[in-house]
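Mind folding the following:
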Amino acid sequence: MRRVARDLSGGFVNAASEIEIPARGAKLEGNLTVPDAARGIVLFAHGSGSSRHSQRNHFVARILNNAGLATLLFDLLTRGEEAVDIRTGHLRFNIGLLAERLGSATDWILHEPSAHGFRLGYFGSSTGGGAALVAAAARPEPVGAEVSRGGRPDLAGAALAKVKAPTLLIVGGGDDAVIDMNREAMAKMKCEVKIELVPGATHLFEEPGALESVAKLASEWFTRHLPALPVV
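Numbering: from 1, shown residues only. Okay, here's the model as predicted:
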């Protein structure tokens, strides 16, 4: 029997399935949620020091599920790598590795029967935002939209000019340094790109209503750019 869970609006969505993604030399743990009549899927790339258990990303994911979007939250690093990174901090800024891992998750989901035919979107946070842009530049065909929450697009370097997916950059209105980074990155991008500042929010969007604003903006962007599958 398929398990279901109550969503934030009182309805029901299918509960997350525990999955394992093969990556080069690693296996990445994740949670896949596919609501009934899903129209697309969003892959989450978490920030440094975080994981698939990020409460902020889970909040946004549930809003996307309510909007008819499947979600995949997964660990960009293995448990062993996380232990090393806690001591050294070297892997969290290895954007090439993180983008490669997101690419592996993309390849995996493209062959997942429950997500067959879905257009893909990326939701990246902090360093994950930079990694998602690099991954999107490398895979322009399946990736139909991208959203960055407090992201570091500056870490994407030359890949910025190669991104084709419509991109929304969401930044806290009080996160001055990251605002500047996002505006500079935006000037280098050639795709459809928009920046949204959440008034009064800082980098982690901990202020009342800030994360709700992020989720609403992301949901609107993805539903606009990931068209529903045709009825057959």
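
so who does the residue positioned nearest the centre of the chain touch?
The centre of the chain sits closest to F123, judged by Cα atoms, centre = their mean, with a distance of 1.9 Å. When contacts are counted by Cβ atoms under 8 Å, 6 or more residues apart in numbering, F123 touches 42-45, 57, 60, 64, 132, 146-149, 218. Yep, even glycine has a C-beta here, placed from its N, CA and C like the rest.

Repeat that for L155.
Neighbours of L155 in contact, by Cβ under 8 Å, 6+ apart: F93, I95, T127, G130, A131.

of the residues you listed, closest to L102?
Nearest to L102 among the contacts of L155, counting by Cβ to Cβ, is A131 at 5.8 Å.

mean confidence score for the helix or strand where that closest one lies?
Using DSSP states H and E, A131 falls within helix 127-138. Helix 127-138 shows a mean pLDDT of 96.

next SSE after that helix?
strand 143-149.

how far off helix 127-138 does that following strand point, in degrees?
Inter-element angle recorded for strand 143-149 and helix 127-138: 160 degrees (by axes from the mean of the first three to the mean of the last three Cα atoms, to 10 degrees).

what's the model's confidence in strand 143-149, averaged?
Computed over strand 143-149, the average pLDDT equals 97.

What is it packed up against?
Contact analysis of strand 143-149 by 3 or more Cβ pairs under 8 Å, 6 or more residues apart in numbering; DSSP states H and E lists strand 119-125, helix 127-138, strand 167-172, helix 210-225 as its packing neighbours.
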